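*Asks:* Let's see this in three dimensions:
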Amino acid sequence: MNKENANPIQLKEWLELHPYTAECDSDAFYVTLANDLHEAWLKSRLTFNAKPEVIRRISLYLAAYAEDIKSGFGLWQAFVTRHNALYGKRLPFYDSTEGTDTSRPQIADINFIIWYSLQLLQGKPTRMVFPPLLNGLSTLAGMLVERLRKDFDQAPVNTRLAGLFANPQVYGNFIQLRNLLNWFFAHSYLIEPSVQEKIMMNHRIIADRFKEATDEQKNVFMFGIMQDTIFNYPCGPLALYVKDWMHAIVPADSEAAGLYLGIDARPSLFWLVKAIDGNGMTLDCLQRDECITVDKAMFKDAEKFTAGKTVINSGFVSYGGRWYVSGIVAVSDTDDPRLKNVRKAPSKAQLAEVHRNVCHQFLEVNGGQHLAFFADFAGMSAFFTDKMKWPANDALEKQLGKSRNFVLFADEDKGVTIATNIAEYIKADGNPLYNKGEAEKQSVLIFINKGQCPIDLLEFLVDEGMLPDANFPTYGNTHNVKVGKRLLQDNWDFIARMFLNEFYWGEAR
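*Replies:* Numbering: from 1, shown residues only. Next up is the predicted model:
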């Protein structure tokens, strides 16, 4: 054992990336492979200042990638197939034309997995951007792919993973499927990096809301919130929902594909028991304009429910034409004080009409232009009160009063949206705040910082050519702006998907 790897990767760590806890015949081979990759990486000294635990985890991911393509699990194939369908190429950033046999480890694949995992495990929490063409990354990938290929022909197939989600015993039983999806969302090698931030946020929510709860109770609450999360939070490098990953993994013409694509999830909301009829109940959502019918058998105390009185707080998932409870169920009644301020949100039709009217009003007072720019809150507020004739908004001032360089964007689908601290990046007629130097240095942030620029505005700016200076980091200290601009231009939508995640989709589920 090389001294750099004096603390070898253990079977327990490998099993964390799998939907089972008992060792199977193929595991020993891939644990050895993970250790060889880890040792080779450390010996190369090409660590990019990554934390030791991050390098260790990515070594496991690379072994899991090899296991995936050897065993026909289908996750990597689902990623490259979907990426190709969206963007006309297998991968972002990297040339993957080295060979036609994609059933074997490829340098471009290794490049991407290392970059993606480094970015999300090491870079994202500190808002750093690891350049995809980072010096030494391709050298490291070349070294590691040689080790992956060395014994690949003799690598064992993991029969537990092969065709897992196409197995009728899995997709035919929603409860068993849901348990597997908990693993897939939180610990499969290509999805895990993208959801760690969300999972940590869930833990903080539980810790803040239930300070007096026991650890066992907190675990129960965490289980509940995670059921909402796995079905309603986009994940992986393409920010797809779990149902879309499942659909991409299984054969497109299979029964499983239809079932997965038909998954329809609702987050935890308040539902009034509107009617009880035999074995079924009609639930009327108190926060959305929607009713669903569920089986009484989903609730252990259903015989005590009263139509027009009982209120259920829960998430639901529709699978195979049946609604299932998702997560923790809390039952109360219409006298629950938590319902005092609960109101139905406007319908989509009502919102659409409001947004169209607001957009038309904005265009009328803004000379037909979809954008307006303001250096400070006072200027933007004056626009709202003097031109739009809206009342002063103290809450908005409290929220945004200290921000600067505002952009207002009018769109028929969303009305008027506000972005802060980005006007200097936008090259547009009528924008006195544009600053080319700042745009070259900082405008990449609007593609990667959640909430800084609404996705509808970002798409408009790209389509109209108003972000000509935006570039993606390339070679670290020898940053090449020309190459960076090409990288961003060619991959901007993927970059936005990966970094913005749920904000890429624009609307909450």
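
*Asks:* make it CA atoms for all contacts and neighbour counts henceforth
*Replies:* Fine.

*Asks:* where does this structure dip in pLDDT?
*Replies:* Counting by pLDDT under 70, the ranges of the chain that qualify are 1-6, 97-101, 124-128, 475-479, 507-509.

*Asks:* Give me the domain ranges for it.
*Replies:* 3-162, 174-261, 264-339, 348-505 (automatic domain parsing).

*Asks:* And those domains: which comes nearest residue 168?
*Replies:* Minimum separation from residue 168 across the domains of the chain (C-alpha to C-alpha) falls at domain 174-261, 7.6 Å.

*Asks:* could you pull out the helices for the stretch 201-350 of the chain?
*Replies:* Per DSSP state H, counting those that start in this stretch, the stretch 201-350 of the chain carries helices over the ranges 215-232, 242-249, 255-261, 348-365.

*Asks:* Buried residues of the last one, list them for me.
*Replies:* Okay, so that is helix 348-365. The neighbour-count check on helix 348-365 (16 or more other C-alpha atoms under 10 Å) flags 352, 355, 356, 358, 359, 360, 361, 362, 363 as buried.

*Asks:* quick one: strands adjacent to the longest strand anywhere in the chain?
*Replies:* For the chain, the strand with the greatest residue count under DSSP state E is strand 264-277. Neighbouring strands of strand 264-277 in its sheet, by DSSP bridges, are strand 280-285 (antiparallel), strand 310-319 (antiparallel).

*Asks:* Generate CSV for the domains of the chain, with distance to residue 168 as supplementary columns.
*Replies:* Shown next, in CSV, are those (distance: least, C-alpha to C-alpha, whole Å):
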stretch, distance to residue 168
domain 3-162, 13
domain 174-261, 8
domain 264-339, 13
domain 348-505, 31
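
*Asks:* What residues does residue 107 make contact with?
*Replies:* Contact partners of residue 107, counting by C-alpha atoms under 8 Å, 6 or more residues apart in numbering, are 96, 138, 141, 142, 145.

*Asks:* same thing with residue 405?
*Replies:* Residue 405 touches 373, 374, 375, 376, 420, 421, 422, 423, 424, 433, counting by C-alpha under 8 Å, 6+ apart.

*Asks:* Distance check, it against residue 356.
*Replies:* In this view, residue 405 and residue 356 are 25 Å apart by C-alpha to C-alpha, to the nearest Å.

*Asks:* so which of the strands paired with strand 264-277 gets nearest residue 39?
*Replies:* Nearest of the strands paired with strand 264-277 (C-alpha to C-alpha): strand 310-319, 43.9 Å.

*Asks:* what's the closest one in contact with?
*Replies:* Residues from elsewhere that reach strand 310-319 (C-alpha under 8 Å, 6+ apart): 174, 227-228, 231, 259-260, 262-273, 323-334.

*Asks:* Only alpha carbons, please: show that strand as PDB.
*Replies:* The C-alpha trace of strand 310-319 is given here as PDB (Å, rounded to 0.1, in the frame of the first residue of the first chain):
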ATOM      1  CA  THR A 310     -61.000  16.800   8.700                       C
ATOM      2  CA  VAL A 311     -57.900  18.400   7.200                       C
ATOM      3  CA  ILE A 312     -54.800  16.300   6.100                       C
ATOM      4  CA  ASN A 313     -51.400  17.800   5.800                       C
ATOM      5  CA  SER A 314     -49.300  15.500   3.500                       C
ATOM      6  CA  GLY A 315     -47.700  15.100   0.200                       C
ATOM      7  CA  PHE A 316     -49.000  12.700  -2.400                       C
ATOM      8  CA  VAL A 317     -47.600  10.800  -5.400                       C
ATOM      9  CA  SER A 318     -49.700   9.400  -8.200                       C
ATOM     10  CA  TYR A 319     -48.300   6.100  -9.600                       C
END
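
*Asks:* Going by neighbour count, which residues in stretch 110-118 are buried?
*Replies:* Using 16+ other C-alpha under 10 Å as the test for burial, stretch 110-118 gives 110, 111, 112, 113, 114, 115, 116, 117, 118.

*Asks:* do stretch 176-186 as well
*Replies:* 178, 180, 181, 182, 183, 184, 185, 186.

*Asks:* Filter these down to the ones in helices?
*Replies:* Here DSSP state H is the test, and the buried residues of stretch 176-186 give 178, 180, 181, 182, 183, 184, 185, 186 as lying in helices.

*Asks:* which stretches of this structure form strands?
*Replies:* 264-277, 280-285, 291-295, 310-319, 322-333, 371-376, 404-411, 415-419.
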